[in-house]
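Q: here is a sequence together with a model predicted from it:
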Amino acid sequence: MTEIAKTFDPASIEARWYTHWEKAGLFRPERPDAQPFTIVNPPPNVTGNLHVGHALDNTLQDIIVRYERLRGKDALWVVGTDHAGIATQMVVERQMNAKGEKRTDYSREDFIAKVWEWKAESGGSITGQLRRLGCSMDWSREQFTMDPHFTQAVVKVFVDLHKKGLIYRDKRLVNWDPHFRTAISDLEVETKEVQGKFWHFRYPLADGVTLADGRDHIIVATTRPETMLADMAVAVNGADERYASVIGKEIILPITGRRIPIVADDHADPELGSGAVKITPGHDFNDFEVGKRAGIAAADMLNMLDADANVCQSADGLIPAEYLGLDRFDARKAVIAKMKELGRLVLFADKEGNEKEAEDRTIQTPYGDRSGVVIEPWLTDQWYVDAARLAQPAIEAVRSGAVEIVPKAWEKTYYNWMDNIQPWCVSRQLWWGHQIPAWYDEDGNAYVAENEAAAQEQAGNKQLTRDSDVLDTWFSSALWPFATLGWPEQTDLVKRHYPNDLLISGFDILFFWDARMLMQGIEFMEEAPWKRLYLHGLVRAADGQKMSKSKGNVVDPIGLIDSYGADALRFFMAAMESQGRDVKMDEKRVEGYRNFATKLWNATRFAMSNGIGASSSVAAPAATHAVNKWIIGEVVDTVAALDKALAELRFDAAANAIYHFVWDQFCDWYLELIKGQIDDETKAVAGWVLDQILVMLHPFMPFITEELWHALGDRSGDLIVAQWPAPQAQVDTDAKAEVEWLIKLVSDIRAARAELNVSPGAKLEMFVRDAGPVTSHRIRAQFAALSRLARVNSCSADAAPAGSSAQVVVDEATFILPLEGVIDIAAEKARLTKAMEAAAKEAKSLEGRLSNPSFVEKAKPEAVEKARADHAEKSAEAARLAEALARLG
């Protein structure tokens, strides 16, 4: 045995053990004949830093991987990073800007070389942070989505999908970021509530047409007046009688003079505003669909903005020169001013009678999550994946049970999205990323091929220019489960580890990543990429709010590791991960789990000081003492509980099972019960049980368990590659009943003593009434422990002396502790009565508040929750004090 420090210090052991594991290749030991188990890590951005969401996601994965490795499997945890096109390009451009440079000062090739330089110097800091967390990933095969073999896979997938008609070029609306001058995905759009304005305009009817009420115009309302420069219709509801006579007629659009039709469409709600809606199909997603239904082809839809969101000339040339080149927000001011000058702006009076040009409105406005600028729906030519066709086999995979989604409740969300899936825009106007393998001739015809030579062969002698766009990073990461294994080569890894066994993912990327992996995996591997998909919740602030820098409630997991150790943070994440619920961050609980680690540390020091060390046996040692039989049975039950919980991916149940076994059964009771009788049998059993604890706890708390594993004695190998417990023992029901009886009796006596203010050092006499043969046997067999732990001198079956006493009932027997001369009975009754009445009064007051609907409905949720908790606490306190009074008779 190796002496361990008196005080548990996580920092002193974590880096040492992680370095040892990694250098020794223990994250992927050679097990060619073992059953494979495979999981892939959702690749974090190469620019990223570890946040609490990563900490949760990777902790759950590591628990499963360490568990399966201990079970003897060939456990492969694929790790790597995503090239993160827009994020990485932004970081490098920002560095250039700080030096007075910009991207366009360089050729594309030179800029990309600068990005690779940045990656070599600064990229991937998150991989070091994952090591701090204890993630046992296969770093020997660390992947990067821009590695040559991965790029080869990406290009092949694009080309093959294009050959099958599943990738095509189309003109559609996209989320356009004018700062980065690229399309971005929905995930990169952050919707914010903004205080804006709602303007009302009079659009004149053409050709002398009037409405039924005689008006010669239709009133429309908009939050984006500048877009009227590209209006192509006005929509009204076909059932709205006010406009029935003008459907099919035309509007003469102010400013541009463009004639646009009045169309019937259910998008127009008769109950909202005037019931008429201006339609700008080139700059609004809803309007785009209305335009298509009205027969306007995408190629004919008008665009009035350039890539910088400045006004440009529309295809019909009707936008006046004074607006050309204006920023979109300056154009808004100019359009409003012109409409006012033309008498087409509808003015109205506010509550105070003041004339106003617009209504104040709270508007849901899309922003680029990295650029911070307002996103513009923009009509442009992009490459699209026919997601609807790819989705069908992926839908069937879940319906058939080939893929299990856990929790099952997420299936409904999955089907709803997949059944209504839209074409997936996969092109981005960036330099960093996988350049699209398409070349164009001078007439704009596209030739898609794996390389330029193949494209030239298709085109003949025509001069070709390569598409400058790159692919959406989600396109490449959708290939992660198989491209990381070496596909398109049919490597041994592909054959052995595809499909993967499990994917653990946040629910927030179910559509952006998980569903797309499922579609691409089935398309190219003819089999779903994993058998199970586990979706966990978000990590929220303690009050339940979403964490954000603007709210100042972001928690740094590395800071928590520095304060409490990685083991404590990991155990917190596991214990709080309940299926279908978000995790509320609670630093006090993290601290509590550090205390749990300290308790195990101290328990091991106690064991070692009593000659208890490493066990040489996988199976449980032979036992004759009831307490040893009992603790062996508790190990058997705990192993079964852990196996069941982890099979069902119930991380909270697994953490709860091992926590209570270690803290309650082993530390609080077993070690106390064996004091004074640590013979050779007990040393063997205690050493074996401690070994089983270290193995069972290792997936959750790898660092402290490895340290204690080696401290307990010489080992043939490290804990990380030890054997999962196989007790080969049965639960001894008689011993279990006997020890649980002893624990209850001692607990109840201790509670009675505490409630009645009996001095902790006082040893009491005890009498027993109505004890049956089994109880009488237990009293004799366990009296030494009972006397020591409950502080009683004797236990007599004689009649107890008259006078006040404390009474404890366990099973059929009543145990009587005379208190005359031990405490001031009258004073104690008075104290208990006063405390009980105060607790009951407060409980009643809280009950009244909680029964008031006004409080429950209007108070802050946290205030209602606190009132409920306080009511439960005070009610329990009143009941406990009443019970104490009853004991005094």
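A: Structure received.

Q: contact partners of the helix or strand harbouring F524?
A: If you go by DSSP states H and E, F524 is part of helix 515-525. By Cβ atoms under 8 Å, 6 or more residues apart in numbering, the surrounding residues in contact with helix 515-525 are 157, 160-161, 166, 387, 390-391, 393-394, 397, 403, 414, 417-418, 424, 474-475, 477-482, 487, 498-499, 503, 527-529. (Each C-beta comes from the backbone N, C-alpha and C, glycine too.)

Q: what residues sit buried inside the next helix or strand after it?
A: Heading C-terminal from helix 515-525, the first helix or strand you meet, by DSSP H and E, is strand 530-536. Of all the residues in strand 530-536, those buried under the rule 16 or more other Cβ atoms under 10 Å are W530, L533, Y534, L535, H536.

Q: out of the residues you listed, who's nearest Q129?
A: H536 (19.1 Å; Cβ to Cβ).

Q: would you enumerate the residues in contact with that closest one?
A: L56, D57, L60, I504, S505, G506, F507, E577, V583.

Q: what's near enough to touch E707?
A: Counting by Cβ under 8 Å, 6+ apart, E707 has contacts I4, I13, W17.

Q: what's the helix or strand for it?
A: Here E707, judged by DSSP H and E, is contained in helix 702-711.

Q: then that helix to CSV, C-alphas only?
A: Output of helix 702-711 as CSV, limited to C-alpha atoms (Å, rounded to 0.1, in the frame of the first residue of the first chain):
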residue,chain,number,x,y,z
PRO,A,702,-12.0,8.6,-13.1
PHE,A,703,-9.2,10.5,-11.4
ILE,A,704,-9.8,9.9,-7.7
THR,A,705,-10.7,6.2,-8.3
GLU,A,706,-7.5,5.6,-10.3
GLU,A,707,-5.4,7.3,-7.6
LEU,A,708,-7.0,5.2,-4.8
TRP,A,709,-6.8,2.0,-6.9
HIS,A,710,-3.1,2.2,-6.9
ALA,A,711,-2.7,3.5,-3.4
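
Q: would you mind pulling the contact partners of the helix or strand following it?
A: Next in sequence after helix 702-711, counting helices and strands by DSSP H and E, comes helix 733-755. Residues from elsewhere that reach helix 733-755 (Cβ under 8 Å, 6+ apart): 626-627, 629-630, 633, 669, 673, 758, 760, 764, 766, 775, 778, 781-782, 785-786, 789-792, 806, 808, 810-811, 815, 817, 832, 880-881, 883-884, 887.

Q: swap in stretch 824-838?
A: Against stretch 824-838 from outside (Cβ under 8 Å, 6+ apart): E755, L756, N757, S804, L819, E877, A878, L881, A882, A884, L885, L888.

Q: if we can go back for a sec, which ChimeraX command selects the buried ones in the contacts of helix 515-525?
A: ChimeraX command restricting the contacts of helix 515-525 to the buried ones, with burial defined by 16+ other Cβ under 10 Å:
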select :157,160,161,166,387,390,391,393,394,397,403,414,418,424,474,475,477,478,479,480,481,482,487,498,499,503,528,529
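
Q: ok so, going back, of the contacts of helix 733-755, which belong to strands?
A: L764, M766, V792, A806, V808, V810, F815, L817 (DSSP state E).

Q: a markdown table please, covering the residues you listed and showing neighbour count, pLDDT and distance to I693.
A: A markdown table is the format used below for the ones in strands among the contacts of helix 733-755 (neighbours: other Cβ atoms under 10 Å; pLDDT from 0 to 100; distance: Cβ to Cβ, whole Å):
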| residue | neighbour count | pLDDT | distance to I693 |
| --- | --- | --- | --- |
| L764 | 20 | 93 | 35 |
| M766 | 25 | 94 | 34 |
| V792 | 20 | 95 | 31 |
| A806 | 25 | 86 | 36 |
| V808 | 23 | 88 | 31 |
| V810 | 19 | 93 | 29 |
| F815 | 26 | 93 | 33 |
| L817 | 23 | 91 | 35 |
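
Q: just flag the most distant two among these.
A: Across those, the longest distance by Cβ to Cβ is 16.1 Å; it joins L764 and V810.

Q: one step back: buried among the contacts of stretch 824-838? Make that a ChimeraX selection.
A: A single ChimeraX command selects the buried members of those (16+ other Cβ under 10 Å):
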select :755,756,804,819,877,878,881,884,885,888
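
Q: going by distance to D306, which of the contacts of stretch 824-838 wins?
A: Nearest to D306 among these is E877, at 70.4 Å by Cβ to Cβ.

Q: look up how far R750 lies from the closest one.
A: Computed as Cβ to Cβ, to the nearest Å, the E877 to R750 distance reads 18 Å.

Q: ditto for V263
A: Counting by Cβ to Cβ - V263 and R750 are separated by 81 Å.

Q: higher neighbour count, the two?
A: V263 (23 against 16; other Cβ atoms under 10 Å).

Q: shaky segments in this structure?
A: In the predicted model, the chain carries pLDDT under 70 at residues 889.

Q: mind listing residues that contact the longest strand seen in the chain?
A: Counting by DSSP E, the longest strand found in the chain is strand 189-204. Strand 189-204 is contacted from outside by 175, 216-223, 225, 228, 234, 251-254, 273-274, 278, 336, 339, 343-346, 348, 357-369, 375, using Cβ under 8 Å, 6+ apart.

Q: quick one: buried residues of it?
A: K197, W199, H200, F201, R202, Y203, P204.
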